[in-house]
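Participant: need the 3D shape of this:
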Amino acid sequence: MSKPKIIAFYLPQFHPVKENDEWWGEGFTEWTNVGKAKKYYSKHYQPRIPADLGYYDLRIKEVRFKQAEMAREAGVEAFCYWHYWFGNGDQLLEKPLEMVVEHGEPDFPFCLGWANHDWSKKDWNVDENRLSTTLLKKQLYPGIDDYKDHFYAMLPTFKDHRYFKVDGRPLFYIYDLPAIPDFSEFKAVWDSLAQENGLSAFYFVANLTDSSKLHTKPYSDCDGVNLNLKNNAFLGNYNRYMRWISYFVPVPLNVVSYKKAMKSWLSDLFKEKKVYPTIIPNWDHSPRVGKAGTIIHNSTPALFEQHTSQVLNLIKEKSPSDQLVFLKSWNEWAEGNYMEPDLKFGKGYIIALRNAIKNLKK
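Facilitator: Numbering: from 1, shown residues only. The predicted structure follows:
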């Protein structure tokens, strides 16, 4: 029986950039939201304080080395760096991965996940009693020339020997596949350019949260689909008015226990070829959005190990190259969604993942 390959989503927003300085204030990083987190009820686990790595800056190479060391200890195969290309050469948060590629270290596999979505800022408008949204950065799709520019901008990354591959093909993950107006054309352009530059055709994997769309276009045009069932935990518990109502009550309304949530994250669809499951250690994005946040309460390393074991046992009969599992996430601290050590659990989640892999039933 082969070992599953765990790919962990990796957020590169732990260093200042001029755009965030302009939008959120001088020196803003992801730690800004983490540090201002509030406890909304007696057993609410906030704020969350990082342990071994502290409030790190990803521009520091020792931090990146330590992260790779911890990921390897956990049994993670590769980091999937969130990659922000808004069109016309406009990127954000690219510096950490650029440094990894430029310096050739740490020696740990990685791939790219295109986070192709708008960036916006949501505020409560007191005068009008409504939630207002300000667009900060628009995701654009200018066409074929931009697809080519995008490819060549990332070519040194794709050619790096550490870049994660599936059957020899570089994996490229897409957050919002339907948003691309002509995915088949995008795919054809990139595959052609890859082969012209000594690479195999890409292995495109799409993010999907609604399992009913699994066998529909454009998902069926992808090489694989990562089925992320996190939101299943809140079905029947959340509606379009919940966020609005949350501004008028003292506590978050959308709280579900981890023990209950993990049951909703299992699906026999994971057994299908080219369908890749998601494992989730924890979730609480109230640091980003306040009381309107969705919270998965009482997560523990022991429960995460149980959840991971259940998922891995569902896919253990699949072919070796088809046993991909996406870990959401390695370091989404402001969403309460991370594996890195904190003051409460230490390396608990790292050890839990390692144990789940080691104890996989034959």
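Participant: what bridges to V76?
Facilitator: I6 (DSSP bridges).
Participant: what's the neighbour count on F326?
Facilitator: 23 (other C-beta atoms under 10 Å). Placement of C-beta: from N, CA and C, glycine included.
Participant: so who does it touch?
Facilitator: Counting by C-beta atoms under 8 Å, 6 or more residues apart in numbering, F326 touches I6, I7, A8, F9, C80, N226, N228, Y276, P277, T278, I279.
Participant: residues contacting the second one?
Facilitator: So that's I7. V76, E77, A78, F79, C80, C111, F164, L171, L324, V325, F326, L327.
Participant: residues contacting the fourth one?
Facilitator: So that's F79. Contacts of F79 (C-beta under 8 Å, 6+ apart): I7, A8, F9, Y10, Q67, A68, A71, F108, P109, F110, C111, W330.
Participant: cool, and the fifth one?
Facilitator: Taking C-beta under 8 Å, 6+ apart as the definition of contact, the neighbours of C80 are I7, A8, F9, Y10, F110, C111, L112, G113, F164, L171, Y173, F326.
Participant: returning to what we had before: now the contacts of I7 as a markdown table including pLDDT, secondary structure and distance to H297?
Facilitator: Below are those laid out as a markdown table (pLDDT from 0 to 100; DSSP: H, G, I helix; E, B strand; the rest coil; distance: C-beta to C-beta, whole Å):
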| residue | pLDDT | secondary structure | distance to H297 |
| --- | --- | --- | --- |
| V76 | 99 | strand | 25 |
| E77 | 99 | strand | 30 |
| A78 | 99 | strand | 30 |
| F79 | 99 | strand | 28 |
| C80 | 99 | strand | 27 |
| C111 | 99 | strand | 32 |
| F164 | 99 | coil | 33 |
| L171 | 99 | strand | 33 |
| L324 | 99 | strand | 29 |
| V325 | 99 | strand | 24 |
| F326 | 99 | strand | 23 |
| L327 | 99 | strand | 20 |
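Participant: between those, identify the one with the most neighbours.
Facilitator: F79 (28 neighbours).
Participant: now the helices: where do they sit in the protein?
Facilitator: Ranges of helices in the chain, per DSSP state H, are 18-24, 30-35, 61-74, 95-103, 144-159, 183-196, 242-246, 258-264, 286-289, 301-315, 348-358.
Participant: so G113 bridges to which residues?
Facilitator: Beta-bridge partners of G113, as defined by DSSP bridges: W82, Y173.
Participant: that one and A78 touch, don't they?
Facilitator: No: G113 lies out of contact with A78 (C-beta atoms under 8 Å); the separation is 10.9 Å.
Participant: can you pull out the low-pLDDT segments for the protein?
Facilitator: 1, 123-131, 236-251, 253, 362 (pLDDT under 70).
Participant: let's see it at 90
Facilitator: The chain contains residues with pLDDT under 90 at 1-3, 121-133, 234-254, 289-293, 361-362.
Participant: enumerate every residue touching the residue positioned nearest the centre of the chain.
Facilitator: Using C-alpha atoms, centre = their mean, the residue of the chain that lies closest to the mean C-alpha position is F9, 3.9 Å off. By C-beta under 8 Å, 6+ apart, the contact set of F9 is F79, C80, W82, G113, F326, L327, K328, S329, W330, E332.
Participant: likewise P181?
Facilitator: Y141.
Participant: where exactly do the strands run in the stretch 201-350 of the chain?
Facilitator: Listed in chain order, the strands of the stretch 201-350 of the chain (DSSP state E, counting those that start in this stretch) span 203-208, 224-227, 254-257, 275-279, 283-284, 294-297, 324-327, 331-332, 337-338.
Participant: by contact count, what packs against the last one?
Facilitator: The contact analysis (3 or more C-beta pairs under 8 Å, 6 or more residues apart in numbering; DSSP states H and E) places strand 337-338 against no helix or strand.
Participant: the second one now?
Facilitator: Using 3+ C-beta pairs under 8 Å, 6+ apart as the contact criterion, the secondary-structure elements in contact with strand 224-227 are strand 203-208, strand 275-279, strand 324-327.
Participant: separation between the spatially closest residue to K259 that is not a sequence neighbour and H44?
Facilitator: Closest residue to K259 apart from its sequence neighbours, by C-beta to C-beta, 6 or more residues apart in numbering: L303 at 6.2 Å. Look at L303 and H44: by C-beta to C-beta, to the nearest Å, they are 17 Å apart.
Participant: how many residues are close by G27?
Facilitator: 10.
Participant: that one and D21 touch, don't they?
Facilitator: Yes: counting by C-beta under 8 Å, D21 is a contact partner of G27 at 6.9 Å.
Participant: common neighbours of those two, please.
Facilitator: In contact with both G27 and D21: no residue, using C-beta under 8 Å, 6+ apart.
Participant: do I have it right that Y173 meets N116?
Facilitator: No: counting by C-beta under 8 Å, Y173 sits too far from N116 to count as a contact (10.4 Å).
Participant: who's more crowded, these two?
Facilitator: Counted by other C-beta under 10 Å, Y173 and N116 do not tie: Y173 has more neighbours, with 26 against 19.
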